[in-house]
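Chemist: Can you look at this prediction? I've put the sequence above it.
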Amino acid sequence: MKDRNPAAASIEKQKAGEAAAGLVKEGMVIGLGTGSTTAYTIAQVGRRVDEGLDILAVVTSYQSEMLAIDAGIPLTSLAEHPTLDIAIDGADQVDADFNVIKGGGAAHTREKVVAKSAKRFVIVADDSKTSDRLDHFVPIEVLPYASNLVIRQMKELGGEPQMRLGVRKDGPVISDNGNFILDVKFGVIKDPAKLSLELSACTGVVEHGIFTNVHDIYIGKKDGSVTITSSI
Ligand code: 5RP
C-alpha cells in the first residue's frame, strides 16, 4: 500500500494539481477530487477564488470538503447542480489509453459519481503513476453485509482480494459512505473496460476503482514540467 501521509507531497503533484486548476473558468460548477495531488488543485482554486473567481464546487469526500472550506471555495451539491462543467481528481495508476485506477483514499465511489456528472474529467498525477498497462490493485467498495459474497466473486474473477484495514483504527477501513473496501489484485489488466463491467455486475459491489471516462491527464515531472494529454 502506498504512503498516503501528506509528507509524501511532491513538486510533481504540486505542479500537476496547480496546472489543472487553470482549467477552471468564471461561472463554472466544478467537482473536486480527493488525495494529496488534488489538494494542490483545491488550494490553487481557493487562491483564485480569493482573487475574485466566481465558481461553485461539489466535493468527493470529507477530506476534499475540509480542504475546500479551508480554501474558501463556495460549495454546492449534485442535488442542486446535477451537471458539472469539469471534475479534477487524482489517480493511483494511469495507462496509455486513458484508463485509470483510483480509490487509494477509499473515495472512488463519490469520485466516480462526480466524474460521471462532469462534462470534462481531468486527472492530475505525478510521473510515478503512469504505466503502459494497468496492474495496480483495484479498490472495491462493498456493502459490509455482502463482504464474504463479494470476496467469493472476486476470486471467481481471478482476483486476490484483501480487506483494507485501518491505520490507527482497529478493523476494516470504513468509507465515507459507511462501507468496507477490498483491494483486489488482478495482475496485469488486459481489458480494463471488460473488467469494469464484470466488477459492476457483482452483487454487493457498491463501486470499483476502474475509471474509463477520462478526458485529460496532467502528469507532473521531477523537473517541474507538466505533460498534458487529451483523449478528445
Ligand atoms: C482517492 C483517490 C486519489 O485520487 C488517488 O488515490 C491518488 O491520490 P494521491 O493524489 O494522494 O496520490 O482515488 O480515493
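Modeler: Good, I have the coordinates. Numbering: from 1, shown residues only.

Chemist: Residue 152: helix or strand, and which one exactly?
Modeler: helix 147-156 (DSSP states H and E).

Chemist: CA atoms of stretch 139-149 as CSV?
Modeler: The C-alpha trace of stretch 139-149 is given here as CSV (Å, rounded to 0.1, in the frame of the first residue of the first chain):
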residue,chain,number,x,y,z
PRO,A,139,-10.1,-0.8,-4.7
ILE,A,140,-13.7,-2.1,-4.4
GLU,A,141,-16.2,-0.5,-2.1
VAL,A,142,-18.5,-3.2,-0.8
LEU,A,143,-21.7,-3.4,1.3
PRO,A,144,-20.4,-4.8,4.7
TYR,A,145,-23.3,-7.3,4.8
ALA,A,146,-22.2,-8.7,1.4
SER,A,147,-18.4,-8.7,2.0
ASN,A,148,-17.9,-12.5,2.0
LEU,A,149,-20.1,-12.8,-1.1
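
Chemist: Is any residue of that stretch near the ligand?
Modeler: No: Stretch 139-149 is not in contact with the ligand by C-beta under 6 Å from any ligand atom; minimum separation 7.1 Å. C-betas here are computed from N, CA, C, even on glycine.

Chemist: What's the mean pLDDT across that stretch?
Modeler: Confidence for stretch 139-149, expressed as mean pLDDT, is 98.

Chemist: what comes up buried for it?
Modeler: 139, 140, 141, 142, 143, 146, 147 (16 or more other C-beta atoms under 10 Å).

Chemist: contacting residues around the longest helix seen in the chain?
Modeler: Across the chain, the helix with the greatest residue count (assigned by DSSP state H) is helix 36-50. With C-beta atoms under 8 Å, 6 or more residues apart in numbering as the contact definition, helix 36-50 has outside contacts at 4, 6, 8-9, 13-14, 16-18, 20-21, 24, 30, 32-33, 53, 55, 57, 64, 67-68, 70-74, 88-90, 124-126, 220.
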